[in-house]
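Q: Next come a sequence and a model predicted from it.
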Amino acid sequence: MISIKSKTEIEKLRRAGFITAGALDAAEKAIKPGMTTKELDRVIEKYITSHGAKPGFKGYGGFPAAACISVNDVVIHGIPGNYVIKEGDIVSVDTGAYIDGYHGDSARTFAVGNISDEAERLLRSTRESLMLAVSMAAPGVRIGDIAAAIQKYNEDNGFGIVREYCGHGLGRDMHEDPEVPNYGKAGHGVRLREGMVICIEPMITAGDYKVKVLDDGWTVKTVDHSLAAHFEHAIAITKEGCIILSDPTPY
């Protein structure tokens with residue numbers, strides 16, 4: 001069942017989103033060759049807790065860290081550990097702050113130093129497709145319209161769209177209805193309504209879209225070992241269109 005949020009609830013989600021965005025900013029400033037993904041996770045957790053929130057991912061479904069940190073061919077759900085980040089890596093960070101009963105959720109893929117032309121194009125296409133989807137979001141627009149736009153934008157650039165994972169509603173729970181896929185047919189799916197809060201999160205690959213889950217039960221990699229990128233915003237649908245909840249600018 002899709003939950004319609006009040007203005008008060010949206011303000012609480014905006015606060016959670018603001019802290020989440022700040023945690024990603026802190027990660028971007030800290031990330032460098034030679035640090036481990038576990039060290040990067042500590043930076044994120046420290047930022048979230050220092051702002052009076054809890055890391056919403058930690059313990060969620062048994063996940064052991066404050067952020068999913070996914071490097072190169074890892075699409076999502078990478079568990080922070082002893083991997084040493086290198087020059088040329090692309091590192092996807094997905095995290096969320098939980099405060100006053102509501103969740104934040106946002107992701108960005110960071111370039112570590114000089115990256116390949118292919119990686120640069122992948123990051124650009126994924127990020128731009130997210131912002132295209134956000135620009136379309138308004139009352140009456142169908143989720144299929146957004147999904148089809150994300151798919152076309154990335155496929156026109158020669159990239160693959162992960163099928164098994166998608167965006168979602170957001171609120172008191174981290175994953176609520178409706179699902180927000182990154183591929184589909186325009187004119188299909190749920191119509192957006194004022195007060196809906198959703199996460200749009202393109203997960204895009206440089207090669208084939210097929211993925212596999214590793215034995216740890218979390219880490220999702222591309223089957224062909226091609227690079228993957230992940231960008232995500234939480235948005236609230238308004239009369240005029242939408243507002244980005246995971247926005248780093250003060251609210």
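A: Cool, got the structure.

Q: Could you use CA atoms for every contact and neighbour count after this?
A: Fine.

Q: which outside residues touch stretch 106-123?
A: Residues outside stretch 106-123 that contact it (Cα atoms under 8 Å, 6 or more residues apart in numbering): 17, 20-21, 24, 28, 31-33, 86-96, 159, 199, 201, 204-206, 227-234, 246.

Q: how much distance is there from stretch 83-90 to the middle of the chain?
A: 20 Å (Cα atoms, centre = their mean, to the nearest Å).

Q: no wait, stretch 152-159
A: The chain centre lies 19 Å from the centre of stretch 152-159; the measure is Cα atoms, centre = their mean.

Q: May I see the buried residues of it?
A: K152, Y153, N154, F159 (16 or more other Cα atoms under 10 Å).

Q: now swap in stretch 25-34 and tell me
A: Buried residues in stretch 25-34, counted by 16+ other Cα under 10 Å: A26, A27, E28, I31, K32.

Q: how far out from the middle of the chain is it?
A: 17 Å.

Q: Next: stretch 114-134.
A: 13 Å.

Q: same check, this time on stretch 76-84
A: Taking Cα atoms, centre = their mean, one finds the center of stretch 76-84 at 16 Å from the center of the full chain.

Q: residues of it that come out buried?
A: Buried-residue list, stretch 76-84, by 16+ other Cα under 10 Å: I76, H77, G78, I79, P80.

Q: ok, now stretch 232-247?
A: Those would be 232-238, 241-247, for stretch 232-247 by 16+ other Cα under 10 Å.

Q: Which residue is the nearest non-sequential neighbour of A16?
A: Distance criterion Cα to Cα, 6 or more residues apart in numbering; nearest residue to A16, sequence neighbours excluded, is G104 at 4.6 Å.
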